[in-house]
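Undergrad: model the following, please.
(one chain, ligands or ions: 1)
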Amino acid sequence: DELVLQMHDDLYDGLKEEIEEGVNILLGRGWQPYEVLTNALVGGMTIVGKDFRDGILFVPEVLLAANAMKGGMAILKPLLAETGAPRMGTMVIGTVKGDIHDIGKNLVGMMMEGAGFEVRDIGINNAVDAYMEALDAGDVDILGMSALLTTTMPYMKVVIDAMIEKGVRDDYTILVGGAPLNEEFGKAIGADAYCRDAAVAVDTAKEFMA
Ligand code: B1M
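TA: Predicted structure coming up:
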């Protein structure tokens, strides 16, 4: 699709208004919000990620791309949340300490809301105390943790170990995700499951609530 390719370019160039316009056009053509999200936005960010890795793009440019992506996500958020799905449970989600990447976490949160979960998003750069406080607030079924850096993903184990020490580990389903993780890592740190993407996170959360 021409427009999707154009949107990949616009995301690359950090053009927020163009991205918002593109999202609206695709929705107007009858695209499902999730299709717009994955094809136009996540697809575009994948290209940005490659050139960031290869030293073609730098932090300021990637920040602009992230800002443009968030503009598009803001339009899709209410559409993904308004599915009228029955209430499934409550999830606390946050990115771990030392890590400020939040797009994937936000996307998981949006999809979980759409699936009927109450989502308590505690943001980025969360130390053990922040997770504990959110869990202590009560009525939480699932803890979701996100990490995008190989240097921050070990912190997930720090959080889980702290939960074990406090004797609350088994009160929650712990789901983890983020680009550098894999199934093996999820098992090794004692999480209940690793979720490759937001759709898998929703399916996995539903399985654990059943
Ligand atoms: Co960063 N960055 N970044 N960055 N950045 C990566 C992650 C990197 C892979 C880029 C690269 O080199 N190719 C690399 C990490 C390398 C490594 O660790 N091995 C990297 C680096 C190095 C850095 C800095 C250190 C750069 C620097 O300063 N020199 C720095 C670190 C800052 C910090 O956190 N302390 C940094 C900064 C930034 C920006 C601020 C510029 C920006 C973040 C903006 C923001 O988030 N608000 C940024 C971005 C945008 C990226 C890339 C390009 C894109 C990430 C993204 O949003 N993807 C990324 C490249 C890449 O990932 N290939 C990169 C789209 C998103 C939808 O996917 O987040 O994977 P993702 O989420 C998916 C799944 O992973 C999963 O579901 C989501 C939806 O399907 N998922 C979960 C994620 N969390 C989940 C939680 C769950 C379940 C599923 O819980 C249940």
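
Undergrad: okay, CA-based contacts and neighbour counts for the rest of this
TA: OK.

Undergrad: where's residue 79 relative to the ligand, distance?
TA: 17 Å (C-alpha to the nearest ligand atom, to the nearest Å).

Undergrad: cool, and residue 109?
TA: From residue 109 across to the ligand, the span is 8 Å (C-alpha to the nearest ligand atom).

Undergrad: tell me how far that residue lies from residue 50.
TA: Between residue 109 and residue 50 the computed distance is 25 Å (C-alpha to C-alpha, to the nearest Å).

Undergrad: neighbour-wise, which of these two wins?
TA: residue 109 (27 against 12; other C-alpha atoms under 10 Å).

Undergrad: ok, for the more buried one, nearest residue in space, not its chain neighbours?
TA: Excluding the flanking residues, the one nearest residue 109 by C-alpha to C-alpha, 6 or more residues apart in numbering is residue 119, at 6.2 Å.

Undergrad: correct me if wrong: that neighbour contacts residue 107.
TA: No - Residue 119 lies out of contact with residue 107 (C-alpha atoms under 8 Å); the separation is 11.5 Å.

Undergrad: in the biggest helix by length in the chain, which residues are buried?
TA: Longest helix in the chain by number of residues (criterion: DSSP state H): helix 59-81. Within helix 59-81, the residues that qualify as buried are 61-62, 64-73, 75-77, 80-81, counting by 16 or more other C-alpha atoms under 10 Å.

Undergrad: now do stretch 75-92: distance to the chain's middle.
TA: Relative to its chain's centre, stretch 75-92 lies at 14 Å (C-alpha atoms, centre = their mean, to the nearest Å).

Undergrad: make residue 1 into 150 and carry on from there
TA: With 150 as the first residue, the last one maps to stretch 224-241.

Undergrad: now the end-to-end length of it.
TA: End-to-end span of stretch 224-241 (C-alpha to C-alpha): 23 Å.

Undergrad: and this structure, which of its residues are near the ligand?
TA: By C-alpha under 6 Å from any ligand atom, the residues of the chain that approach the ligand are 191, 194-195, 197-199, 201-202, 208, 211-212, 215, 247-254, 256-257, 293-295, 297-300, 324-328, 344-347, 350.

Undergrad: and those residues, which are buried?
TA: Neighbour counting by 16+ other C-alpha under 10 Å classes 191, 194, 197, 211, 215, 247-254, 256-257, 293-295, 297-298, 324-327, 344-345, 347, 350 among the residues of the chain next to the ligand as buried.
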